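*Asks:* Model the following, please.
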Amino acid sequence: MNEGDFIRIDFVGRIKENGQIFDLTKEDVAKENAIFNPEFKYGPVPVIVGSNLIIKGIEKTLKDMKIGEKKKIEVPLEEGFGKRSEKLIKLIPISEFKKQNMEPYPGMIVNMNNVGGRVLSVSGGRITVDFNHPLAGKELEYDLEITEQIKDENKQVKAILELYIKMKDEDVEVSVKDGVAEINIKVDVHRKTKEECVQIIKKWIKEIQKIRFIEEF
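*Replies:* You can find the predicted model right below:
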């Protein structure tokens, strides 16, 4: 595949040391491993080759693959989620949690200043929080398959929206004509999310010069 290609991929991601599945798109594999979630939308996910919106280990592999090809790869931590850093384990005053009406406990997943973390311990008025990515320091394995290439501009815009917005196919309508993309989304979307989508659309779909979001009430 080439940089800028829009594709869809199926994948199963495992931690190399124990084979534990941490992410996947295939419903049958989820059911076989008793990790099926009825609330999760399974199926191939969109990727823009060369966009660096996915980990480096997968990114470079996709460039050497073709439509319909399957490949099993090992991803060293440097090309995955990086090394663990002790600097990302921080002591947070309990007052910061109180501001958000949170009662911290070990294992709790938190978001502090838009950074995700996990509470390691609670001691008096100070809380130890690990802001490392949960897969930092782990070598990974992936089963990859490129299922299709997306060439239609309407579908390319939808693919970008899918990356940023949790929605059903029927929740969005896209029309691209004469360099203008009109997007009608029937779910609430934060302005910042829309702005991020606009940046990605203009960067990777060169034919589109203007984007209009249509809201219905």
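*Asks:* how about the spatially closest residue to residue 121 that is not a sequence neighbour, what does it touch?
*Replies:* With sequence-adjacent residues excluded and distances taken as Cβ to Cβ, 6 or more residues apart in numbering, residue 121 is closest to residue 128, at 4.5 Å. Every C-beta, even on glycine, is put in place using the N, C-alpha and C of the backbone. Going by Cβ atoms under 8 Å, 6 or more residues apart in numbering, residue 128 touches 89-92, 119-122.
*Asks:* In a markdown table: these, plus pLDDT and secondary structure.
*Replies:* Shown next, in a markdown table, are those (pLDDT from 0 to 100; DSSP: H, G, I helix; E, B strand; the rest coil):
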| residue | pLDDT | secondary structure |
| --- | --- | --- |
| 89 | 96 | strand |
| 90 | 95 | strand |
| 91 | 94 | strand |
| 92 | 93 | strand |
| 119 | 96 | strand |
| 120 | 96 | strand |
| 121 | 96 | strand |
| 122 | 94 | strand |
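*Asks:* who wins for neighbours among the residues you listed?
*Replies:* Each of the contacts of residue 128 was scored for neighbours by other Cβ atoms under 10 Å, and residue 119 scores highest at 19 neighbours.
*Asks:* For the spatially most central residue of the chain, give me phi and psi.
*Replies:* The centroid of the chain falls nearest to residue 163 when counting by Cα atoms, centre = their mean (6.6 Å). Backbone torsions of residue 163, given as degrees, to the nearest 10, read phi -70, psi -30.
*Asks:* How much space separates it from residue 140?
*Replies:* The gap separating residue 163 from residue 140 is 21 Å, by Cβ to Cβ, to the nearest Å.
*Asks:* Tell me the span between the first and last residue of stretch 136-156.
*Replies:* 31 Å (Cα to Cα, to the nearest Å).
*Asks:* err, stretch 124-132, not the other one
*Replies:* Termini of stretch 124-132 sit 23 Å apart (Cα to Cα).
*Asks:* I'd like the average pLDDT over it.
*Replies:* Averaging pLDDT along stretch 124-132 gives 93.
*Asks:* So for it, what gets flagged as buried?
*Replies:* Within stretch 124-132, the residues scored as buried using 16 or more other Cβ atoms under 10 Å are 127-132.
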